[in-house]
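> For reference, the sequence and a predicted model appear below.
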Amino acid sequence: QLQASGGGLVQPGGSLRLSCAASGSNLDYHAFGWFRQAPGKAREWVSCISSSGSKYNADSVKGRFTASRDDAKKTVALQMNSLQPDDTAVYYCAAHPHGGAYCPALDGYPYWGQGTLVTVSS
């Protein structure tokens with residue numbers, strides 16, 4: 001089970017840190033992904049972190065967003081900097097059991113959080 005938090009309203013250029021608390025066993029073997037869905041648009045992949053800690057970002061957020069994980073605390077995070085209005089969306093964390101894979105290529109994440117809304121507006 002995944003529980004996302006940390007969303008809110010932020011001005012353009014600002015920062016937010018999303019967190020995702022995970023429950024269950026063997027989470028350190030899982031990869032975690034972050035996705036977002038803007039109003040009227042399809043859900044898109046944003047970032048992921050493998051079980052070894054390798055991190056990957058979509059081109060649209062490269063250099064601005066960074067995923068991290070703390071397996072001891074069973075949490076993953078998404079640090080978002082230089083936020084822009086186009087980043088406005090509901091953000092979801094997800095977990096995949098193929099943690100050692102190249103996570104941008106993972107599909108069919110079986111575990112999802114409930115989503116947290118990020119609004120970037122002045």
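Nice, thanks for sending it over.

> all strands of the protein, in order?
For the chain, applying DSSP state E gives strands covering 2-5, 8-10, 16-22, 31-37, 44-49, 55-57, 65-70, 75-80, 89-96, 111-112, 116-120.

> Go through the fifth one and flag the buried ones.
Using 16 or more other Cβ atoms under 10 Å as the test for burial, strand 44-49 gives 45-49. For every residue, glycine as well, the C-beta is placed using N, CA and C.

> my guess is residue 95 meets residue 30, correct?
Yes - Residue 95 lies in contact with residue 30 (Cβ atoms under 8 Å); the separation is 4.7 Å.

> Can you pull the residues that touch both of these two?
With contacts taken as Cβ atoms under 8 Å, 6 or more residues apart in numbering, the residues that reach both residue 95 and residue 30 are residue 22.

> quick one: which of the two has more around it?
More crowded of residue 95 and residue 30, by other Cβ atoms under 10 Å: residue 30, with 26 against 22.

> what residues are up against the spatially most central residue of the chain?
Closest to where the C-alpha atoms of the chain average out (Cα atoms, centre = their mean) is residue 34, at 2.5 Å. For residue 34, the contacting residues are 18, 45-48, 65, 67, 78, 91-94, by Cβ under 8 Å, 6+ apart.

> how close does it sit to residue 18?
Residue 34 sits 7 Å away from residue 18, going by Cβ to Cβ, to the nearest Å.

> Need the overlap of contacts for those two.
Shared between the contact lists of residue 34 and residue 18 (criterion: Cβ under 8 Å, 6+ apart) are residues 78, 91, 93.

> Just give me the closest of the residues you listed to residue 8.
residue 91 (11.0 Å; Cβ to Cβ).

> That closest one is in contact with residue 2, isn't it?
No - Residue 91 is beyond contact range of residue 2, at 11.9 Å (criterion: Cβ under 8 Å).
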